[in-house]
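Student: coords please:
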Amino acid sequence: MIILAIESSCDETACAILKDDELLSNVVVSQIDIFKAYGGVIPEVAARNHLETILPVIDQAFSDAKLKTKDDENDWSKIDAIAVTHTPGLLGSLLIGTLTARTLAILHNKPLYPIHHLKSHIYSNWLETEHTPEFPLLALVISGGHTQIIRMTRHNDFKIIGTTLDDAVGECFDKIAKILGLPYPGGPSIAAAAEHGNPKKYAFPHPKTENPLDFSFSGLKTAVLRTVQKECGVGLDYPSHDLKNLLKPEQISDFAASFQKTAIDILLEKLQTAYKNYPDVKSIVFAGGVSANKALRKAANAKNVFFPEPKFSGDNAAMVAIAAKYEIESGVKPTDPYKLDISPRSAIQ
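Tutor: Numbers count the residues shown, from 1 in each chain. Modelled structure (predicted):
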């Protein structure tokens, strides 16, 4: 089976073509350079850029997969199904991807599979690898918008056993980076600065939650802010966006390293608790943009622990295609393209 997949949930426009387990193409156009100047994604701008790039990206995916006719047209006769990210994400961005996928499904009479974004991130661990996770497993989904622990007993079977009560860990990385004057996106910037810092310089709290598997990062974010203000000798009313001008490079590195270590420790502590609660687990998988963090990968390195290839950690369409593959194999029926619902929601269903 050959699946064409589209991803446009945030600020990456992507298209991939998957033939069984072989990835024929995976094209990603990122808008990071556009949003560096703003320190974050502007939804309306992201949607407009998706509109401009999505058709060229799809065309490039066909070219890379060598699925062209003699007239150099995209050979839709080779495509068996279309998959698209339909939730969660920025509504305007999702609209561009889903409307494109729906239109193509109607035009070329192809079955359409709307795919949950977090499912896709989990299934990135099945891409281009000799060893795949075993069930039952625990998945730690960590990204700019989500932090969840999910239990899977088989393919396409998901149960959320822990979730963030406020900020996601990736969002926390972005906000701490902004306080320290580090460029967007915050994850890679903090990781780079942390390499030159002392992770034990500053002690930050590990927030407690009623459910021991839930997360809370808003308190950690505030604790870092207050410590920076104290270190700079200013009051609580001092503008956070000006603190960077009072920090020395070594202080920035130390704050980055200390925050990163605390965030990683919290993630692994929660995951360890989940592992104790579910002793039948055979594999642990990490998923989402934060899973690319080198310090996290080093700290969590163990047998039966899986990380996606770094190129599949961020948003891409290959993960949408592999998730669709396992949905189809699990007996999920296609969706009527005229009736696809993209109302905002975040829970895996």
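Student: could I get the buried residue list for stretch 125-143?
Tutor: Neighbour counts over stretch 125-143 (16 or more other CB atoms under 10 Å) mark 125-127, 133, 137-143 as buried. All C-beta spots, glycine's among them, are computed from the backbone N, C-alpha and C.
Student: same deal with stretch 52-62?
Tutor: 53-54, 57-59, 61-62.
Student: could you do stretch 99-108 as well?
Tutor: Applying 16+ other CB under 10 Å to stretch 99-108 flags 99-102, 104-105 as buried.
Student: I'd like these as TSV, with distance to Leu220 and secondary structure appended.
Tutor: As requested, these are exported to TSV (distance: CB to CB, whole Å; DSSP: H, G, I helix; E, B strand; the rest coil):
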residue	distance to Leu220	secondary structure
Leu99	38	helix
Thr100	39	helix
Ala101	38	helix
Arg102	41	helix
Leu104	43	helix
Ala105	43	helix
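Student: now do stretch 295-310: everything it contacts.
Tutor: Here stretch 295-310 makes contact (CB atoms under 8 Å, 6 or more residues apart in numbering) with 121, 124-125, 127-129, 131-134, 191, 194, 260-261, 264, 267-268, 271, 282-287, 290-292, 313, 319.
Student: buried subset of those residues?
Tutor: 121, 124-125, 127, 133, 191, 194, 260-261, 264, 267, 271, 283-287, 290-292, 313, 319.
Student: from those, which land in helices?
Tutor: 121, 191, 194, 260-261, 264, 267, 271, 319 (DSSP state H).
Student: widest-spaced pair of those residues?
Tutor: Lys261 and Met319 (28.2 Å; CB to CB).
Student: quick one: contacts for the nearest residue to Leu24 once chain neighbours are set aside?
Tutor: Counting by CB to CB, 6 or more residues apart in numbering, Leu24 lies nearest to Ala65, which is 3.6 Å off, once chain neighbours are set aside. Ala65 makes contact with 17, 24-25, according to CB under 8 Å, 6+ apart.
Student: on that earlier part again, could I get the ones in helices among the buried ones among the contacts of stretch 295-310 as JSON lines with distance to Ile161 and pLDDT?
Tutor: Below are those laid out as JSON lines (distance: CB to CB, whole Å; pLDDT from 0 to 100):
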{"residue": "His121", "distance to Ile161": "17", "pLDDT": "97"}
{"residue": "Ala191", "distance to Ile161": "28", "pLDDT": "98"}
{"residue": "Ala194", "distance to Ile161": "30", "pLDDT": "98"}
{"residue": "Gln260", "distance to Ile161": "25", "pLDDT": "98"}
{"residue": "Lys261", "distance to Ile161": "25", "pLDDT": "98"}
{"residue": "Ile264", "distance to Ile161": "20", "pLDDT": "98"}
{"residue": "Leu267", "distance to Ile161": "14", "pLDDT": "97"}
{"residue": "Leu271", "distance to Ile161": "11", "pLDDT": "97"}
{"residue": "Met319", "distance to Ile161": "22", "pLDDT": "98"}
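Student: would you turn those into CSV with distance to Leu90?
Tutor: Shown next, in CSV, are these (distance: CB to CB, whole Å):
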residue, distance to Leu90
His121, 16
Ala191, 25
Ala194, 29
Gln260, 27
Lys261, 31
Ile264, 27
Leu267, 25
Leu271, 28
Met319, 18
